[in-house]
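>>> no FASTA, just this:
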């Protein structure tokens with residue numbers, strides 16, 4: 001059974017999952033750093049969650065406030081061997097509950113052109129493509145989405 005827990009940004013399991021995500025993203029884009037926006041940090045992340053199967057960390061995701069009513073989904077990742085098993089849905093549902101509890105009315109996110117699996121997942125979960133926003137406005141590799149909460 002999957003358990004989703006809030007952890008500190010510097011929690012070792014969260015750090016390892018984010019490093020794995022960045023390694024995968026770098027391989028997909030062929031560059032070491034494809035982040036077109038401000039990298040998330042302990043100073044600006046509102047919440048960070050790690051999904052566990054027993055003691056094994058299998059996925060993560062976080063929220064960063066954009067203003068009092070909107071926030072951004074950041075660093076959503078599931079280890080490859082656990083994709084398609086409901087881990088990403090469990091993380092996203094926990095993040096949406098937390099976002100509503102924070103009083104947010106909309107969640108935004110940015111993913112990239114080389115992540116069609118992510119785009120399909122977000123669209124399936126009710127996110128709609130929107131014009132690129134914020135730091136992503138001029139990014140040709142960014143695809144932005146939003147979902148009313």
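Now that the structure is in, tell me what you want to look at. This one's a predicted model, so the numbers in the text were calculated from it and none came from an experiment.
>>> for the chain, where's the lowest mean pLDDT among helices and strands?
Comparing every helix and strand of the chain by mean pLDDT, DSSP states H and E singles out helix 12-29 as the least confident one, with a mean of 92.
>>> which helices and strands sit right next to whichever helix or strand comes after it?
Using DSSP states H and E, the helix or strand that directly follows helix 12-29 along the chain is strand 47-53. Of the remaining helices and strands, those touching strand 47-53 by 3 or more C-beta pairs under 8 Å, 6 or more residues apart in numbering; DSSP states H and E are strand 2-6, helix 12-29, strand 56-67, helix 87-101. Any C-beta I mention is one placed from the backbone N, CA and C, and that applies to glycine too.
>>> Mind putting those into a markdown table with mean neighbour count and distance to residue 43?
Written out in a markdown table, the entries for the helices and strands packed on strand 47-53 read as follows (neighbours: other C-beta atoms under 10 Å; distance: least, C-beta to C-beta, whole Å):
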| stretch | mean neighbour count | distance to residue 43 |
| --- | --- | --- |
| strand 2-6 | 15 | 17 |
| helix 12-29 | 16 | 15 |
| strand 56-67 | 20 | 10 |
| helix 87-101 | 18 | 19 |
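>>> Could I get those in a markdown table, plus columns for distance to residue 81?
Formatted as a markdown table, the helices and strands packed on strand 47-53 follow (distance: least, C-beta to C-beta, whole Å):
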| stretch | distance to residue 81 |
| --- | --- |
| strand 2-6 | 14 |
| helix 12-29 | 11 |
| strand 56-67 | 8 |
| helix 87-101 | 10 |
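>>> With respect to residue 123, which of those lies nearest?
Using C-beta to C-beta as the measure, helix 87-101 is the one of the helices and strands packed on strand 47-53 that comes nearest residue 123, at 12.4 Å.
>>> and the closest one with strand 47-53, angle?
Between helix 87-101 and strand 47-53, the angle formed by their directions is 150 degrees, by axes from the mean of the first three to the mean of the last three C-alpha atoms, to 10 degrees.
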